[in-house]
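> Predicted model and sequence below, questions to follow.
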Amino acid sequence: MRGFGGGMDIGKLMKQAQKMQEAMQQMQADLGAQAVEGTAGGGAVTVTMTGNQEVTAVKIKPEAVDPEDVETLEDLVLAALKDAREKVEALAQAQMGSVTGGLNIPGLKF
C-alpha cells in the first residue's frame with residue numbers, strides 16, 4: 001500500500017509503530033521491576049522508588065529525628081523523594097533512548 005506521494009509504505013510504517021508500542025510496554029514493565037534510592041542529609045533519609053515512581057520504602061536514621069525541628073526532617077524526606085524521582089526519570093530516559101533510537105518524540109515523557 002502506497003500513499004502520501006513520497007512512496008511511503010503505510011503498512012510498513014504501521015508495523016514499525018506497533019513494534020515501538022510493544023517495546024514501550026516492555027520498557028514500562030522493566031522500569032517497574034527496577035528500583036532506585038534517593039537520599040538526603042548525607043544518607044540521613046533514604047527513599048526507595050520503583051521505575052514506575054512507586055515509593056516502596058522510606059528509611060530515616062535516628063539522628064535525623066529531632067522533635068524540636070520537625071521541619072528539617074520534612075525537608076529531608078522531600079529532598080530524598082525528589083532525588084529518587086530524578087533518578088527514575090534518568091533511568092526512563094536512558095531506556096527510552098534504546099526504544100526510540102534516540103529520537104525525541106513529543107509527548108513521550110516518564
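That came through, no problem. Numbering: from 1, shown residues only.

> alpha carbons only for contacts and neighbour counts from here, please
Fine.

> Let me see the ranges of the helices in the protein.
Residue ranges of the helices in the chain, as given by DSSP state H, are 10-33, 70-100.

> Where among those is average confidence lowest?
Here the lowest mean pLDDT among the helices of the chain goes to helix 10-33, at a mean of 84.

> And that helix, what's buried?
Counting neighbours by 16 or more other C-alpha atoms under 10 Å, one finds that the buried residues in helix 10-33 are Ala23, Met24, Met27, Gln28, Leu31.

> just to revisit the earlier point, let me have the helices of the chain in TSV, extended by distance to Glu63.
Output for the helices of the chain, formatted as TSV (distance: least, C-alpha to C-alpha, whole Å):
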stretch	distance to Glu63
helix 10-33	32
helix 70-100	10
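
> Nearest to Val45, out of those?
Of all these, helix 70-100 sits nearest to Val45, with 6.2 Å by C-alpha to C-alpha.

> I'd like to know which elements the closest one is packed against.
When contacts are defined as 3 or more C-alpha pairs under 8 Å, 6 or more residues apart in numbering; DSSP states H and E, helix 70-100 sits against helix 10-33, strand 35-40, strand 45-50.

> Just send the ones you listed back as CSV, with distance to Ala79 too.
Putting the helices and strands packed on helix 70-100 into CSV (distance: least, C-alpha to C-alpha, whole Å) gives the following:
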stretch, distance to Ala79
helix 10-33, 22
strand 35-40, 6
strand 45-50, 9
